[in-house]
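Novice: Got a sequence here, can you build the structure:
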Amino acid sequence: MISALRVLIAGGGSAGHIEPVLALAEALRRRDPSTEITLLGTARGLETRLVAERGFRLELIPAVPLPRSASLDLLAVPVRLGGAVRATLRVLDRVRPAVVVGFGGYVSTPAYLAARLRRVPVVVHEANAKPGLANRIGARSAAAVAVAFEGTRLPRAVHLGMPLRRSITTLDRPARRAEARAIFGLDPTAPTLLVVGGSQGARRINDAVAGAVPALRAAGIGVLHAVGRGNATPGSNATPGEADAAAGPPYVPVPYLDRMDLAYAAADLVLCRAGATTCAELSMLGLPAIYVPLPHGNGEQALNALPVIRVAGGAVVADSECTSEYVIRRVTALLGDPDRLASMGESVATLGRRDADERLADVTRVVAGFSPKADEQPVADER
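Specialist: Purely as a prediction, here's the structure:
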């Protein structure tokens, strides 16, 4: 009996972690609208909001964070992991997917283990240049392994790139610039800096920008700043919007950017963390950036930015060295040199890939026993 393809996709956390998951889900749905897609996440991530907004089904399991150092918390991991695996097994039994796709993080380890117990084939996608523990575990027995960065060390890895949302891969930045700047209340002609520290903001970046805003405005530079939900507008000297036009182009702080496509269209330069999705989006768009890698974790963000640095498409500054003085000096130098900025944009664009979502959808369908093209017949479902 031929039935619709059923896929369970595991991943979640920040917006940067969820967007590749949703990009694959949307590519699969475009390929065949009858595809039944379920996303697996945890209650602690932004997936509880973003998945529903995009019209997909979400199943929640307990999060199993792994302590970064030896402690009593480490003793509780086996019990927590066992509970998460059992919860995932119940999801598998309800959904009965033909394939499980994992993107790493808290939710993927139990997904990989449960899929192995139920003999469901697994596809692993690793977003970072340095793979995390979950994907190192999953890749050992996965039917296919895809990576966003060339040279990522996982067994049988194929370099496909990062699945990105269509609003980004189809964006014509010059054509949307005037619209974007009008929507955000930015100066239509001033060189513009976009500041993003991830969905929760970044205190180091926020503080550095707060002290830099008066000097940036005086230099004729506008700023669009996503400060993070729950964070106050940084700095008492930062004048938002057009309250003081005499001080220069507007500084526009916002809690969160739901329209990253328009934020990118408005920007000439970006100050940001070096999350894998951010690096991939900026590379694909040919948008120069100053990256401030997160100083925690396993050092993956610094590695994510390396390809950009090798082609001279951006700059990297250590978190501890991202000060107001650095921001003033580096941003004014770059935005004051249009030829250099254009050269950086052309260089970083050589790293961009627009079709990773479609290519990963192909891999997913093949591993599930379906043709890559939806207009061809799938194999019989014998379960």
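
Novice: surely residue 278 meets residue 272?
Specialist: Yes. Counting by CB atoms under 8 Å, residue 278 does reach residue 272; the two are 5.5 Å apart. Backbone N, C-alpha and C define where each C-beta goes, glycine included.

Novice: what sits in contact with each of the two?
Specialist: Common neighbours of residue 278 and residue 272 (criterion: CB atoms under 8 Å, 6 or more residues apart in numbering): 196, 289.

Novice: Compute the distance from the centre of stretch 325-333 to the centre of its chain.
Specialist: For stretch 325-333, the separation from the chain centroid amounts to 26 Å (computed by CA atoms, centre = their mean, to the nearest Å).

Novice: swap in stretch 281-296?
Specialist: Computed by CA atoms, centre = their mean, the chain-centroid distance of stretch 281-296 equals 11 Å.

Novice: Buried residues, it. List them.
Specialist: 281-294 (16 or more other CB atoms under 10 Å).

Novice: Mind checking which of those residues land in helices?
Specialist: 281, 282, 283, 284, 285 (DSSP state H).

Novice: Thought residue 349 was touching the third one, still the case?
Specialist: Yes. Here residue 283 reaches residue 349: they are 6.9 Å apart, a contact under CB under 8 Å.

Novice: For residue 290, give me its contacts.
Specialist: 269, 270, 271, 272, 314, 315, 316, 317, 330, 331, 334.

Novice: one more time with 7 Å, if that's ok
Specialist: Taking CB atoms under 7 Å, 6 or more residues apart in numbering, we find residue 290 in contact with 271, 314, 315, 317, 330.

Novice: Over to residue 169?
Specialist: Contacts of residue 169 (CB under 7 Å, 6+ apart): 284, 354.

Novice: ok, now how distant is it from residue 357?
Specialist: 8 Å (CB to CB, to the nearest Å).

Novice: now residue 81
Specialist: Counting by CB to CB, the gap from residue 81 to residue 357 is 30 Å.

Novice: more neighbours, those two?
Specialist: residue 357 (26 against 16; other CB atoms under 10 Å).

Novice: if I've got this straight, the more buried one is in a helix?
Specialist: Yes. Per DSSP: H, G, I helix; E, B strand; the rest coil, residue 357 lies within a helix segment.

Novice: which intervals of the stretch 251-383 of the chain have sub-threshold pLDDT?
Specialist: Across the stretch 251-383 of the chain, the ranges flagged by pLDDT under 70 are 375-383.

Novice: Which stretches in it count as helices?
Specialist: 260-266, 276-285, 300-310, 324-335, 338-349, 356-367 (DSSP state H, counting those that start in this stretch).

Novice: what's the answer for the stretch 51-200 of the chain, then?
Specialist: 73-95, 108-117, 133-139, 166-169, 173-184.

Novice: just checking, what packs against the longest one?
Specialist: I take that to be helix 73-95. Under the contact definition 3 or more CB pairs under 7 Å, 6 or more residues apart in numbering; DSSP states H and E, helix 73-95 sits against strand 6-10, strand 36-41, helix 108-117.

Novice: Now for the residue lying closest to residue 131 once chain neighbours are set aside: which residues touch it?
Specialist: Closest residue to residue 131 apart from its sequence neighbours, by CB to CB, 6 or more residues apart in numbering: residue 154 at 5.4 Å. Neighbour list for residue 154: 126, 131, 135, 136, 139, 145, 147 [criterion: CB under 7 Å, 6+ apart].

Novice: ok, 10 Å please
Specialist: The contact partners of residue 154, by CB atoms under 10 Å, 6 or more residues apart in numbering, come to 124, 126, 131, 135, 136, 138, 139, 140, 142, 145, 146, 147.

Novice: Generate the ChimeraX command that creates a selection of the buried members of those residues.
Specialist: This is how ChimeraX selects the buried members of these, with burial counted by 16+ other CB under 10 Å:
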select :124,126,131,135,136,138,139,142,145,146,147
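
Novice: Could you dump the helices of the stretch 251-383 of the chain into a markdown table with distance to residue 214 added?
Specialist: Formatted as a markdown table, the helices of the stretch 251-383 of the chain follow (distance: least, CB to CB, whole Å):
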| stretch | distance to residue 214 |
| --- | --- |
| helix 260-266 | 21 |
| helix 276-285 | 27 |
| helix 300-310 | 28 |
| helix 324-335 | 9 |
| helix 338-349 | 23 |
| helix 356-367 | 41 |
